[in-house]
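J.: Quick one: sequence and predicted model below, then my questions.
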Amino acid sequence: MIVSEPAFPSSSSPPGLTVELGRDRPIRLDCGVELGPITVAYQTYGRLNADKSNAILICHALTGDHYVADPHPITGKPGWWSELVGPGRVFDTDRYFLICSNVLGGCMGTTGPMETNPANGQPWGLGFPVITIGDMVQVQARLVDHLGIGQLFSVVGGSMGGMQVLEWAQNFPDRVFSAIPIAAAARHSAQNIAFHEVGRQAIVADPDWCGGNYLLEGKSPHRGLAVARMAAHITYLSEPALHQKFGRNLQNRETVTYGFDADFQVESYLRHQGSAFVDRFDANSYLYITRAMDYFDLAAENGGTLANAFRGTRTRFCVISFSSDWLFPTSESRAVVHALNAVAANVSFVEVKSDKGHDAFLLDEPEFHATLSGFLEGAAAHRGLPRAQGPTA
Amino acid sequence: MMMMANGKLRVDLKLIADMVEPGSRVLDVGCGEGALLDWLGRNKDVDGRGIELSMAGVSAAVSHGLSVIQGDADTDLKDYPSGAFDYVILSQTLQATYEPKTVLSHMLRIGRRAIVSFPNFGHWRVRTHLLLHGSMPVTDTLAYEWYDTPNIHFCTIRDFLTLCRGLGITVDRSIPLDREGKVLPLPDLEGVANLFADQGLFVLSRKA
């Protein structure tokens, strides 16, 4: 295995590390294809302790990346969980060693459809094998192996990240001391698949998608990808949140224009969300990763009984949902909790009151953060990790 | 683990806590903010879990590092496998469940023992209130009007013991309590104690 540090050789190298995995032992994907070697881009925060018992794996969501607490190298915006990471924060970098890697199929440095296929020296495009949440987790497990860590103190993630958390708990129960699936589900619902399909069709319908070969053709299906993002973005919010933020307010005008310009603020906002997204995300990656989420169904993998996924588990679980999340509603989290109860697993479950919709897991929600801190504190005590340092300790 | 506001436990909860053997597995149904679970974890090395209806209670408990889920006795007990716990505790909640009989049966399926406490509707103050006023009793321990009470299945100590017999449940201990939760040294559970106890506390087990 080869480690390079910093990740990118250019002078403006973004923060982070990369490693090449699976050169000797390719990764067998769920679709049957053997893939390897694989490049994994990742980032770490804090320091691994002597007995390697303080590592937390953070799993990012569909359009997230490993820049958890670093400014994004393309947008310059703060990392998606930068509020939660740092000395004395929820993920206390004085106590924990945090790891986050860009998922397999991603477009921020890990092997995916925009990277070069070593077989022909061209971008993978649609030649990239279809991947699953299980495949992403397999690659993460190889990374954790590479870092010399046997058991993770915790695996945590929201949305698709939460799916990975559940997959970890199922596939590697002895390597997961505690698991925190947030705003997640054990399966992608018909409605979720439907929304993803709208996004994919928007991309595929863009003539600049070029049958997936846009990189070779020197084009970019940015209109299709922007529409996909606009549709998806609505599902991340809630009606009250949209109403509060925009209502029916007009965008820089006194009256409607009797045309199809962005008269309403909410239209302008969505258009901005769409166009900002295409600068940092690859259209084919979007196809592959949404597909991986669609295929996720932990119960189906276990003879139709979700509880079988967790039989005998000793992992401590903390399941968190948000009251206004209609994309991954509380009922989905509750189904996970019921399955965990059925095997008498150690589980906490909190539905956080919030009107922010699915996106609440990325936002400043004090009750959510208090729940995370409290659960981690309890788990740390059981794992024998030292208490928090500070005036109250 | 973080400290609760103070190390003191409510009198009736302390009584329950004293009955739990060290190192056992406990499910506290209607655990509130988890005061009992916290005490048991800290003082008796108990592997404790809780179920609580109120989100505020769940949030507080989980934020203190306790394993508590949002749920209730009527809907969530059925999920747990048989024999998963040494004790299943239901303190002051039985009268608020939709199906007390089913809840009791599940408690003794899930747990080796069940510890149950409830307000005694056979208390003389309740009886005389209804007799003299002809209206539903509102007392210190039963402080709700009939139209806004969460307590939908009141019973007396005698009623409860009759149900236990019907379900083939063994009553290992029965303790009459006053309104503060202190033990009342009263004889004759279904007679004198049923008249003078504000609450009853019971340790139940499956018939061997």
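T.: On my side now, so go ahead. Residues are numbered from 1 along each chain as shown, chains lettered A, B, ... in the order given.
J.: Tell me the pLDDT of whichever residue of chain B sits closest to chain A.
T.: Residue nearest to chain A within chain B: B:Gly65 (2.4 Å; C-beta to the nearest C-beta). All C-beta atoms are positioned from the backbone trio N, CA, C, and that covers glycine. Here the pLDDT value assigned to B:Gly65 is 89.
J.: which residues touch the closest residue to it other than its chain neighbours?
T.: Among residues not flanking B:Gly65 along the chain, A:Gly378 sits closest, at 2.4 Å (C-beta to C-beta, 6 or more residues apart in numbering or on different chains). With contacts defined as C-beta atoms under 8 Å, 6 or more residues apart in numbering or on different chains, A:Gly378 is in contact with A:316, B:1, B:64-67.
J.: need the residues of the stretch 251-393 of chain A near chain B, please.
T.: A:316, A:318-319, A:334, A:337-338, A:341-344, A:346-353, A:367, A:370-371, A:373-375, A:377-379, A:381 (C-beta under 8 Å from any C-beta of the partner chain).
J.: which among those end up buried?
T.: The neighbour-count test (16 or more other C-beta atoms under 10 Å in any protein chain shown) marks A:316, A:318-319, A:334, A:337-338, A:341-344, A:346-352, A:367, A:370-371, A:373-375, A:377-379 as buried among these.
J.: Restrict stretch A:359-373 to CA atoms and write it as CSV.
T.: Output of stretch A:359-373 as CSV, limited to C-alpha atoms (Å, rounded to 0.1, in the frame of the first residue of the first chain):
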residue,chain,number,x,y,z
ASP,A,359,-31.0,18.7,6.5
ALA,A,360,-31.3,19.2,10.3
PHE,A,361,-28.4,16.8,10.8
LEU,A,362,-26.1,19.3,9.2
LEU,A,363,-27.4,22.3,11.1
ASP,A,364,-27.1,23.9,14.5
GLU,A,365,-29.6,21.8,16.5
PRO,A,366,-28.6,22.0,20.2
GLU,A,367,-30.8,19.0,21.3
PHE,A,368,-29.2,16.9,18.6
HIS,A,369,-25.7,17.9,19.6
ALA,A,370,-26.5,17.3,23.3
THR,A,371,-27.8,13.8,22.4
LEU,A,372,-24.6,13.0,20.5
SER,A,373,-22.3,14.3,23.3
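J.: Quick check, pLDDT for residue 2.
T.: Just going to use chain A. 44.
J.: wrong one, chain B
T.: Note for B:Met2: predicted pLDDT of 37.
J.: Of all residues in chain A, which one is closest to chain B?
T.: Per C-beta to the nearest C-beta, the residue of chain A with the smallest distance to chain B is A:Gly378, at 2.4 Å.
J.: and that residue, that one's in a strand?
T.: No: under DSSP: H, G, I helix; E, B strand; the rest coil, A:Gly378 falls outside any strand and is assigned helix.
J.: Tell me how far it lies from A:Gly22.
T.: Using C-beta to C-beta, to the nearest Å, A:Gly378 is found at 36 Å from A:Gly22.
J.: before we move on, what about A:Ser373?
T.: As for A:Ser373, its distance to A:Gly22 is 36 Å (criterion: C-beta to C-beta).
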